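**Student:** Here is a sequence together with a model predicted from it:
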Amino acid sequence: MHVVPFKAVRPSRDKVHLAATRSYVSYTSSQLRSKLTENPYSFLHIIHPDMTATKMHGTGNLDDRFTQVRNQYEKFLRDEILFREEKKCFYIYRQVKQGHPFMGIIAAVAVQDYLDGKIKIHEQTLSKREDTFTRYLDITNINAEPVLLMAENSRAIEDIFEKYMDARPEYDFTTTDTVHHQVWIVEDEKDIASIASAYEKQDALYIADGHHRSSSSARLYETRNSKDATGEEPWNYCLAYILDETNVRIYEFNRIVKDLNGLNEDDFIQKLHGSFYVNEAPDHYRPMAKGEFSMYLNKKWYALNLKHASATLDTQLLSDLILAPILDIYDLRKDKRIYFMEGPKGTAGLKKEVDKNKGGVAFGLYPIPVNEVKHIADLQQTMPPKSTWVEPKLRSGLVVYELDK
């Protein structure tokens with residue numbers, strides 16, 4: 001694996017807590033407008049320069065919009081909200097959310113390793129999104145959201161962490177969502193060599209989150225690569241946050257369907273009996289193992305247990321046995337009758353949405369373990385859409401990788 005340090009662009013220490021932000025698509029329209037109005041230092045001014053809630057894939061001239069992103073980025077540099085690092089560094093990033101610490105290395109990872117299959121995927125990408133993100137990278141020349149990669153445990157990396165934990169972090173702040181963030185800069189040449197060597201020994205890295213960002217970086221590389229390229233141009237690499245696979249949290253991605261496809265409650269449950277044992281369950285019941293689902297229907301909770309053991313992923317089983325044959329939902333990406341809820345919102349989130357809809361049904365799934373994610377990637381297979389919700393979620397603008405410097 002080719003993992004290298006880079007000259008980051010990042011906020012000044014006194015402004016980092018104001019500059020770094022969640023992805024703009026995670027805010028409601030009113031939240032977004034409030035952030036943009038009240039905080040002149042927010043990285044949102046760069047990634048959402050038109051001050052509207054129009055999503056990246058929405059209407060309008062994308063090239064003009066991406067040019068605005070670049071212009072705003074350069075303005076932040078001129079105003080010294082952001083600055084360029086003078087030497088190539090690695091960055092240790094630690095995040096503590098609800099008492100759980102995540103710690104890893106922010107680095108530049110070779111796109112060629114992705115193309116060679118050494119950075120392994122478990123999810124198919126959409127060509128339309130690839131087109132959009134590739135164009136975004138090409139015009140803005142910045143990569144501000146790292147791909148989240150899983151690595152095998154490394155004693156050398158752990159030794160680096162232990163060494164730097166005793167030093168004062170460059171950044172140390174807590175955001176309004178009660179997440180604690182710390183960043184240490186690794187500029188010592190011996191430590192840089194140790195980190196690069198540790199990852200060079202890895203046979204593979206696995207994408208936990210960021211498949212479209214990875215594929216778009218690869219598309220950009222293929223667009224820009226030529227016989228005159230040296231292999232050292234910044235676009236030969238993409239921004240990544242690498243964690244020990246045991247330090248990544250993979251949650252379930254639950255499903256909510258707005259209606260029962262014309263069936264009444266009794267008929268729907270009767271159809272479920274073809275593949276499942278269906279039993280009423282305690283309030284807010286959660287699946288206890290693979291092959292089991294929780295279901296919330298008409299203010300009651302149920303446990304659905306598969307009648308026959310299967311090695312198939314639970315997300316696929318749900319589609320094969322319930323969503324498609326009973327509810328007529330075949331395309332999870334396009335059907336507007338189904339939507340998805342990340343595991344951390346819990347059963348309370350499922351109940352709230354179904355009750356608000358005054359109908360429909362929610363399904364809770366058991367989380368897919370890391371070793372199963374890796375196994376699927378090793379087999380060069382992919383999961384159904386929205387199979388996993390992965391943490392940590394990084395903030396945009398904390399560390400920026402430039403593609404043209």
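**Tutor:** Received, thanks.
**Student:** switch to C-alpha atoms for all contacts and neighbour counts from now on
**Tutor:** Will do.
**Student:** Just the mean pLDDT for stretch 3-18, thanks.
**Tutor:** Taken as a whole, stretch 3-18 has a mean pLDDT of 97.
**Student:** got it, and stretch 344-355?
**Tutor:** Throughout stretch 344-355, pLDDT has a mean value of 96.
**Student:** what about dumping the CA coordinates of that stretch to PDB?
**Tutor:** Extracted C-alpha coordinates of stretch 344-355, given in PDB (Å, rounded to 0.1, in the frame of the first residue of the first chain):
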ATOM      1  CA  PRO A 344     -27.800   5.200  15.900                       C
ATOM      2  CA  LYS A 345     -31.300   6.700  15.700                       C
ATOM      3  CA  GLY A 346     -32.600   3.500  17.200                       C
ATOM      4  CA  THR A 347     -36.000   2.000  17.500                       C
ATOM      5  CA  ALA A 348     -37.400   5.300  18.800                       C
ATOM      6  CA  GLY A 349     -36.600   6.800  15.400                       C
ATOM      7  CA  LEU A 350     -38.400   4.000  13.600                       C
ATOM      8  CA  LYS A 351     -41.400   4.300  15.800                       C
ATOM      9  CA  LYS A 352     -41.600   8.100  15.400                       C
ATOM     10  CA  GLU A 353     -41.500   7.900  11.600                       C
ATOM     11  CA  VAL A 354     -44.100   5.300  11.200                       C
ATOM     12  CA  ASP A 355     -46.400   7.000  13.800                       C
END
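**Student:** Mind listing residues that contact that stretch?
**Tutor:** By CA atoms under 8 Å, 6 or more residues apart in numbering, the list of residues contacting stretch 344-355 from outside reads 251, 256, 258, 284-286, 296-297, 299, 341, 360-362, 364.
**Student:** repeat for stretch 146-153
**Tutor:** Judged by CA under 8 Å, 6+ apart, the contacts made with stretch 146-153 from elsewhere in the structure are 106, 202, 204-211, 213-214, 238-246, 248, 394.
**Student:** for stretch 208-220, same thing?
**Tutor:** Residues from elsewhere that reach stretch 208-220 (CA under 8 Å, 6+ apart): 111-112, 114-115, 121, 123-126, 129-131, 133-134, 137-138, 146-150, 235, 237-238, 390.
**Student:** Of those residues, which belong to helices?
**Tutor:** Helix and strand membership here follows DSSP state H; of the contacts of stretch 208-220, those in helices are 111, 112, 114, 115, 129, 130, 131, 133, 134, 137, 138.
**Student:** packing partners for the helix or strand of the chain with the lowest mean pLDDT?
**Tutor:** For the chain, scoring each helix and strand by mean pLDDT, DSSP states H and E identifies helix 29-38 as the least confident one, at a mean of 87. The contact analysis (3 or more CA pairs under 8 Å, 6 or more residues apart in numbering; DSSP states H and E) places helix 29-38 against helix 44-47.
**Student:** List the buried residues for the next helix or strand along the chain from the helix it packs on?
**Tutor:** Sequence-wise, the next helix or strand downstream of helix 44-47 (DSSP states H and E) is helix 62-78. Along helix 62-78, these residues count as buried under the neighbour rule (16 or more other CA atoms under 10 Å): 62, 65, 66, 68, 69, 70, 72, 73, 76, 77.
**Student:** just stretch 323-336 next, same as before
**Tutor:** Judged by neighbour count (16+ other CA under 10 Å), stretch 323-336 contains these buried residues: 323, 326, 327, 329, 332.
**Student:** Relative to the whole chain's centre, how far out is it?
**Tutor:** Using CA atoms, centre = their mean, to the nearest Å, the mean C-alpha position of stretch 323-336 is found 24 Å from that of the whole chain.
**Student:** what is the mean pLDDT for it?
**Tutor:** Averaging pLDDT along stretch 323-336 gives 94.
**Student:** okay, the residue nearest to the spatial centre of the chain: pLDDT?
**Tutor:** Centroid-nearest residue in the chain, with CA atoms, centre = their mean: residue 209, separated by 3.8 Å. For residue 209, the pLDDT comes out at 95.
**Student:** Who does it form a beta bridge with?
**Tutor:** Here residue 209 sits in beta bridges with residue 148, going by DSSP bridges.
**Student:** where's it relative to residue 120, distance?
**Tutor:** Distance of residue 209 to residue 120, given as CA to CA, to the nearest Å: 11 Å.
**Student:** How about residue 168?
**Tutor:** Per CA to CA, residue 168 is found 35 Å from residue 120.
**Student:** Quick check on the two: which one has the bigger neighbour count.
**Tutor:** Higher neighbour count among residue 168 and residue 120: residue 120, with 24 against 11, using other CA atoms under 10 Å.
**Student:** Chain neighbours aside, what residue packs nearest to that one?
**Tutor:** residue 206 (4.8 Å; CA to CA, 6 or more residues apart in numbering).
**Student:** TSV please, covering the ones in helices among the contacts of stretch 208-220 and showing neighbour count and distance to residue 263.
**Tutor:** Conversion of those to TSV gives the following (neighbours: other CA atoms under 10 Å; distance: CA to CA, whole Å):
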residue	neighbour count	distance to residue 263
111	24	49
112	18	51
114	23	46
115	16	47
129	16	35
130	21	38
131	15	40
133	22	41
134	22	44
137	21	47
138	22	49
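**Student:** No further questions, thank you.
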